[in-house]
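Q: everything below, folded, please.
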Amino acid sequence: MKANKIINGLTLILIGIIFLANTLGILEWSVWSNIFKLWPLLLVSLGLSLILRGKGLSFLGPLIILLAIILGAGAIYMGINFEGEIVSEVKTLSREIVVEVQKAPEAELVPEVKTPSETETALEVESAQEAEVTPEVKESPKIEKTSIELKFDVGKLTLNESTPLLYECISQYQYKEFEPFEKFSRTEKEANIIIYHSPVTKKRISNNIKNNWELKLNNQIIYNLSIKTGAINMDSNLSGFKVEKLYIESGVSNINLVIPKYNSKIIINTGASNIDIAIPKEVGAMLNIDSGIAIKNLNDFIKRNDTYISNNYDNSEFKTEIEIDCGVSNIHIFYTL
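A: Here you go, the predicted structure:
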């Protein structure tokens, strides 16, 4: 009897926690749909309670109900329904470095009309009139520099791998609103790309979102990257890429970043954040930080007025300028071995 009371009490507490998570936007209300799919376990629970009544094991019935609620809530939190499907879709956007092929206008053939008495017969004249001219094929110039802007509300961004293409963006998302789209334009050897998704409601933003973007770059192209998001978990190693400028704007962020081995400028504008920046030994860094409440770990820097300068700045092969404007943050900037 005592075990029954404990399990019943725990079940009520768990139901209350799930309702609280619903109202705070931590769990979706659809969690109850997942739980109700397990309703046959209610019959199993009642059957066990009747069979084991008076045998000291009647608590197994309520225990099954408790475990069913935990299973249903845990599954929806992980993005899994009970048809065995992952509640997500995958979409890939990409571009070639040589984007288009231009064909010269087809020339019109104006045959010389000859009489049958001349060397060509009338049949040969007719064949000449029907002949087609093969058009000239001209490839557009190869793109050498690209600006990419990523605009998404919340999610994880990974940028570590290279591609022989101009870029690849692989997006895995739960909800249709997060399906990515591309806007592309170019002028001669430069390209501009915007990758975005549809507007998302406040309610959707506050839910437990599984929205993962992986961006792949070409290590022969020069890039300007702009990332604008509400909340981001970012894991990026740019050491093998030519990134001239990186701009990150976010409300809440967890940023793990390796600076490119290239002359660059890094701008981070964020609210509450954890920022870890690793700098290759070939790169000298100049750092400006405008922060509210921040814990700073900058052991490899010397402070001059309001600017932090790395010990190797004057003798470095490449140079980077880092500007951080943040609220409550933990900032760790260090050199790799």
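Q: surely residue 164 touches residue 218?
A: Yes - with contact defined as C-beta atoms under 8 Å, residue 164 reaches residue 218; the gap is 6.7 Å. Yep, even glycine has a C-beta here, placed from its N, CA and C like the rest.
Q: overlap in contacts, those two.
A: Both residue 164 and residue 218 are in contact with residue 97, where contact means C-beta atoms under 8 Å, 6 or more residues apart in numbering.
Q: out of these two, which sits in the busier spot?
A: residue 218 (20 against 11; other C-beta atoms under 10 Å).
Q: contact partners for the more buried one?
A: By C-beta under 8 Å, 6+ apart, the neighbours of residue 218 are 97, 162-167.
Q: which members of these are positioned in strands?
A: residue 167 (DSSP state E).
Q: top of the contacts of residue 218 by neighbour count?
A: residue 166 (23 neighbours).
Q: which of the contacts of residue 218 scores worst on pLDDT?
A: Minimum pLDDT across the contacts of residue 218 is recorded for residue 97, with 87.
Q: my understanding was that it contacts residue 163; is that so?
A: No - the criterion here is C-beta under 8 Å, and residue 97 misses it with residue 163 at 10.1 Å.
Q: quickly check the contacts of residue 218 for the two that are furthest apart.
A: Maximum pairwise distance among the contacts of residue 218 (C-beta to C-beta): 12.8 Å, between 97 and 162.
Q: report the buried residues of stretch 189-201.
A: Within stretch 189-201, the residues that qualify as buried by neighbour count (16 or more other C-beta atoms under 10 Å) are 191, 193, 195, 197, 200.
Q: show me the residues you listed that map onto strands.
A: Among those, the residues falling in strands (DSSP E) are 191, 193, 195.
Q: now, which of these sits nearest residue 292?
A: residue 195 (30.8 Å).
Q: how far away is residue 94 from residue 193?
A: 10 Å (C-beta to C-beta, to the nearest Å).
Q: quickly list what's touching both of the two.
A: The contact sets of residue 94 and residue 193 overlap at residue 167 (C-beta under 8 Å, 6+ apart).
Q: sec struct for residue 281, please.
A: Here residue 281 is recorded as coil under DSSP: H, G, I helix; E, B strand; the rest coil.
Q: list the contacts of it.
A: With C-beta under 8 Å, 6+ apart as the criterion, the residues that contact residue 281 are 312, 335-337.
Q: ok, 7 Å please
A: By C-beta atoms under 7 Å, 6 or more residues apart in numbering, the residues touching residue 281 are 335-336.
Q: what about residue 23, neighbour count?
A: A count of neighbours around residue 23, defined by other C-beta under 10 Å, yields 10.
Q: for it, give me the pLDDT.
A: Looking at residue 23, its pLDDT is 70.
Q: give me the most central residue, this protein.
A: By C-alpha atoms, centre = their mean, the chain has its centre lying nearest to residue 213, at 2.0 Å.
Q: could I get the pLDDT score of that residue?
A: On the pLDDT scale, residue 213 is placed at 93.
Q: state the mean pLDDT of the helix or strand containing residue 247.
A: According to DSSP states H and E, residue 247 maps onto strand 242-258. For strand 242-258, mean pLDDT is 94.
Q: my read: residue 149 touches residue 194, true?
A: Yes - taking contacts as C-beta atoms under 7 Å, residue 149 lies within contact range of residue 194: 4.7 Å.
Q: could the buried residues of stretch 189-201 go into TSV alongside distance to residue 68?
A: Shown next, in TSV, are these (distance: C-beta to C-beta, whole Å):
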residue	distance to residue 68
191	53
193	47
195	41
197	35
200	32
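Q: so which of the residues you listed comes closest to residue 175?
A: Residue 175 lies nearest to residue 200 out of the buried residues of stretch 189-201, by C-beta to C-beta, at 7.9 Å.
Q: right, and that closest one touches residue 153 too?
A: Yes - counting by C-beta under 7 Å, residue 153 is a contact partner of residue 200 at 4.8 Å.
Q: mind listing what's buried in the longest helix along the chain?
A: The residue-count maximum for a helix in the chain (DSSP state H) belongs to helix 2-23. By 16+ other C-beta under 10 Å, the buried positions in helix 2-23 come out as 7, 11, 18, 21-22.
Q: ok, those vs residue 259, which is closest?
A: When the buried residues of helix 2-23 are compared for distance to residue 259 (C-beta to C-beta), residue 21 wins out at 38.7 Å.
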